[in-house]
Every structure is written in C-alpha cells, then in structure tokens.
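*Asks:* how would this look folded up:
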Amino acid sequence: DLLTNGILQGRLDFDKSLLNCQKMAEKMTDFATDSAWFSGAKTENYQSIATSDNDAIRADQKAAKEAAEKGKRWVGGQKRGGKGQPPIRVIHDTTAAGWNILNHQPVTSTSSLISTECDGELCSTWKSPREAADWMTRVVGEQTISVTPAAENTDERSGAQAGVGLHPLIDEEKTKILPLLKDLVNGTTKPGFDNLTSVSGGSMQLTRGIVEALHDDPDAAVLTERLAGELALARVTEQALLARRTLLAGMREPVIANEKEAQETLRNTTTQLDEELNQLKLELDFRQALTRNTASQILQRKQRRDQLQGQAVEVPDNSDSRVNRLNNPQPGNQP
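*Replies:* Presented below is the predicted three-dimensional model:
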C-alpha cells in the first residue's frame with residue numbers, strides 16, 4: 001500500500017512539475033519578438049494533428065514534440081518559417097503579393113511581365129514582383145520571421161533589417177540622369193522620344209523645347225545640374241507612391257489580412273514611408289521657395305533672349321532739324 005501510494009504521489013508530482021515547466025516555457029515565449037508567430041504556428045500544427053489523429057493524448061505529445069517545426073501559414077496558404085522552409089519576410093512578401101494582385105497575377109507568382117503584357121505604371125517601373133519587393137525592403141527595411149526555435153541556417157533565423165530611406169535613391173537616380181541629360185544638351189544624343197523618356201522623371205517629362213533652350217543658355221552647366229536633381233526627385237517620389245499602393249494591396253491578401261502581427265508591422269511601414277514622402281515634400285517646398293522651377297526658368301530665359309534678338313534698333317529722327325537744313329543751306333552743303 002505504501003509502495004502504491006508512493007508511486008501515485010510521484011506521478012502527481014511529476015505531472016505538476018511538467019505543467020509548471022510548460023507554463024514557464026510559454027511565459028518565456030511571450031517575451032520573444034516573434035512569440036505571436038511562434039504560438040500561431042504551434043496552434044496550426046496542433047489543429048492539423050488533432051484533425052488526423054483521434055487520440056488526444058498522442059496528438060498532444062506529438063504537437064509538443066514538433067512545436068512549430070511545420071511552419072506558419074503565409075501568403076497563398078503556403079507554409080513558411082518552419083524547419084527547412086524559407087523564412088517569412090513580412091515586407092518583401094507583402095509587396096510581392098501586392099504587385100501580383102495589381103497586375104492580375106497569381107498571388108505567389110514570381111514571373112516577370114513582358115512589355116506586351118504590361119499595362120500601367122507599376123509593371124513599367126518594376127518588371128517583376130521581386131524587383132518591387134527589393135526596392136521596398138531597401139527603403140523601409142525588413143522583418144524576417146522564423147518560427148523554428150533554433151534554425152541551423154542563418155538565413156532562416158528571425159531578425160530585422162534597417163532601411164536606407166529615399167535620399168540615397170535620389171542621389172543614385174541623379175547620377176544616372178545627369179550624363180544622359182548632358183549628352184542631350186551638348187547635342188551628342190538626339191532628343192528623340194526614347195532618349196527624352198529615359199531622362200524624364202516619371203510624369204515630369206523632359207521635352208525637346210527644354211533641351212534646345214538649355215543648349216542656348218550661357219549658364220547651361222549649372223541649370224543642367226539643377227534640372228537633373230529635380231528629375232531624380234520626381235522619379236523617386238513617384239516610385240515611392242507606387243510602392244505604397246503596392247504594399248496596401250498586399251495587405252488585403254486574405255492570409256496577411258487575418259494576421260494581426262503582420263498588419264501591425266505593415267501599418268508601421270506605411271507610416272514610415274509616409275514620413276519619408278512628407279520629408280521630400282517639405283524639402284521640395286523649400287527649394288521652390290528659394291528658386292523657381294528650373295525647366296520653366298530655362299524657357300523664360302530663352303523667350304527673353306529671342307525677344308531681344310528680334311527687336312529692331314530705333315533711331316530718333318529730328319524732322320525740324322532736317323527742314324531747317326533744307327530751307328537754309330549752308331555753303332558747301334547740298335540739300
């Protein structure tokens with residue numbers, strides 16, 4: 001009797017200790033940055049096991065052993081972040097999904113669109129969902145989620161990546177535009193439609209008239225530099241607006257829309273992108289307050305020069321003096 005009771009008491013103590021360990025593990029998980037993702041993946045895995053196994057005890061043991069190794073349901077219903085699976089990249093995956101949605105592609109597609117299939121600014125700016133996603137993550141950063149407790153591969157581990165913002169992209173675009181614009185102004189390159197489009201900044205289209213006016217301007221070097229900066233600013237601003245629209249479309253993907261943590265991260269991302277755009281607008285307003293738009297100034301200077309060149313020189317005519325000379329001829333002067 002003592003032996004039996006002792007065994008029973010030991011089993012109760014063990015079960016109580018096991019329960020305390022499980023509670024402690026859950027509490028520790030709550031402090032992890034991706035705890036909600038981990039808990040959600042465990043719940044999905046448990047539901048899957050319970051559906052296929054009628055033994056509740058065996059299902060609980062199997063779920064405890066596997067934890068979240070099977071991954072988390074993500075874009076298009078695919079599993080991500082588990083053992084041997086690609087990690088969840090919140091910003092990248094949402095932007096890619098949004099690009100596909102806006103271009104009427106399958107949400108998990110990685111295919112590019114050729115020129116004949118492209119209809120709109122989005123696919124003209126970025127030919128594939130990966131290009132759009134890479135642009136976005138470079139600007140605003142990335143949050144990578146892995147629900148596997150200990151990922152052997154460093155690419156599968158959770159982490160965060162900071163974004164560089166929009167200003168470095170503006171500098172890069174200006175570096176691309178400036179030599180092409182100089183070739184147009186110097187006459188090295190003909191101002192055809194394709195060449196003008198390659199230099200234009202989105203809806204801020206460069207015209208043949210601006211190029212010709214800039215060619216004749218004595219301050220062409222300075223004005224070319226300023227115009228290249230404005231074209232680069234316009235190009236990057238429109239890219240940011242397109243990227244914001246793409247991200248919002250991706251947030252409406254069913255799985256992403258039902259993921260609370262993903263929605264919170266993505267809302268913070270849109271806020272960050274809005275702040276970048278507001279900063280650019282503020283800088284542009286200050287620039288316009290200090291100096292007028294370069295393109296319009298070039299045309300106005302050209303117009304003033306043409307008006308001065310076309311004006312006739314007026315010579316005053318003293319009719320009274322001529323009449324007096326005719327009426328009173330001086331010796332040696334012929335009328």
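
*Asks:* show the pLDDT at A36.
*Replies:* Among the per-residue scores, A36 holds a pLDDT of 74.

*Asks:* one more: E66?
*Replies:* 53.

*Asks:* so G229, which of the three states?
*Replies:* helix (DSSP: H, G, I helix; E, B strand; the rest coil).

*Asks:* how close does it sit to T265?
*Replies:* As judged by Cβ to Cβ, to the nearest Å, G229 and T265 stand 33 Å apart. All C-beta atoms are positioned from the backbone trio N, CA, C, and that covers glycine.

*Asks:* K83 now?
*Replies:* Between K83 and T265 the computed distance is 23 Å (Cβ to Cβ).

*Asks:* repeat for D134
*Replies:* Where T265 is concerned, D134 sits at a distance of 18 Å (Cβ to Cβ).

*Asks:* same question, R305
*Replies:* Going from R305 to T265 by Cβ to Cβ gives 56 Å.

*Asks:* neighbour count winner among the two?
*Replies:* It is T265, of R305 and T265, that has more neighbours when counted by other Cβ atoms under 10 Å, with 17 against 14.

*Asks:* quick check: that one touching Q143?
*Replies:* Yes: between T265 and Q143 there is a contact under Cβ atoms under 8 Å: 5.6 Å.

*Asks:* mind listing the shared neighbours of these two?
*Replies:* Listed as contacting both T265 and Q143 by Cβ atoms under 8 Å, 6 or more residues apart in numbering are 90-91.

*Asks:* quick check: phi and psi at A257.
*Replies:* Per-residue torsions, A257: phi -60, psi -30 (degrees, to the nearest 10).

*Asks:* okay, now it: neighbour count?
*Replies:* Around A257 there are 13 residues (other Cβ under 10 Å).

*Asks:* can you pull the contacts of it?
*Replies:* 251, 263.

*Asks:* okay, it and T110: tell me how far apart.
*Replies:* From A257 to T110 the distance is 22 Å (Cβ to Cβ).

*Asks:* and Q161, by the same measure?
*Replies:* Counting by Cβ to Cβ, the gap from Q161 to T110 is 21 Å.
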